[in-house]
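# Structural data only, the sequence is not supplied:
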C-alpha cells in the first residue's frame, strides 16, 4: 500500500481535513498521514465542518514532519504554498502541490459565525473533490 502525506504549514486545518477525507474515501487503497512544517494545534472550525459531513478528526493531533513515524512516503501532497516552498526532502517521494485557500487567514477579521463557517465549508468541499479524484492526480505524477 502506498503512503501519502498531506503537508501544510501548521497541520491545523487543510492537511487535517485532507487526511480525514482521504482515510474515509480512499483508506482501503492507501495509507494517509498529515503533518506541518510547524505545529499550530488542531483548528476547532476544521473539526466542526468535518463533523458536519460525518468525518471525525477530533482525535487528530497537530504534528511536524519530525514527529511522523519513520516510513517511506511515496507521495507528499503540499496543500499550501508555504509548505510547498519549504517542503523538506523526502527520499524517493514524489512532491505534488495542490494549494487550497487558508480558512484561518481568510476568516481572521470576520466575526459572523455563518461567514466563517461558509469559508471553512467551501475549502472542506474543495478538498473532498480533490480526494475523490486523487488517483488521476497520482497517475499524472507517477514516480
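Thanks, I have it. These figures come from a predicted structure and were not determined experimentally.
# Quick one: mean pLDDT for stretch 33-42?
What stretch 33-42 shows for mean pLDDT is 92.
# Residues touching that stretch, excluding its own?
Residues from elsewhere that reach stretch 33-42 (Cβ atoms under 8 Å, 6 or more residues apart in numbering): 3-12, 15-16, 18-19, 57-58, 60-65, 67-68, 73, 82-83, 86-88. For glycine as for every other residue, the C-beta is placed from the backbone atoms N, C-alpha and C.
# and it, which residues are buried?
33, 34, 35, 36, 37, 38, 39, 42 (16 or more other Cβ atoms under 10 Å).
# Mind checking which of the contacts of stretch 33-42 land in helices?
Judged by DSSP state H, those include 15, 16, 18, 19, 82, 83 as members of helices.
# wait, which of those is closest to residue 102?
Of all the ones in helices among the contacts of stretch 33-42, residue 102 sits closest to residue 82, with 9.0 Å by Cβ to Cβ.
# Not counting sequence-adjacent ones, nearest residue to the closest one?
Leaving out its chain neighbours, the residue that sits closest to residue 82 by Cβ to Cβ, 6 or more residues apart in numbering is residue 9, at 4.7 Å.
# Pull out the buried residues from the contacts of stretch 33-42.
For the contacts of stretch 33-42, a burial check counting by 16+ other Cβ under 10 Å picks out 3-12, 15-16, 18-19, 57, 60, 62, 65, 73, 82-83, 87.
# Now intersect those residues with the strands, please.
Using DSSP state E, the members of the buried ones among the contacts of stretch 33-42 that fall within strands are 3, 4, 5, 6, 7, 8.
# Contacts only, for residue 119.
Listed by Cβ under 8 Å, 6+ apart, the contact set of residue 119 reads 101, 103, 106, 107, 110.
# hang on, I meant residue 118
Residue 118 neighbours (Cβ under 8 Å, 6+ apart): none.
# Next one: it, what pLDDT does it get?
Value for residue 118, per-residue pLDDT: 98.
# if we can go back for a sec, the contacts of residue 119 in helices, which ones?
Among the contacts of residue 119, DSSP H puts 103, 106, 107 in helices.
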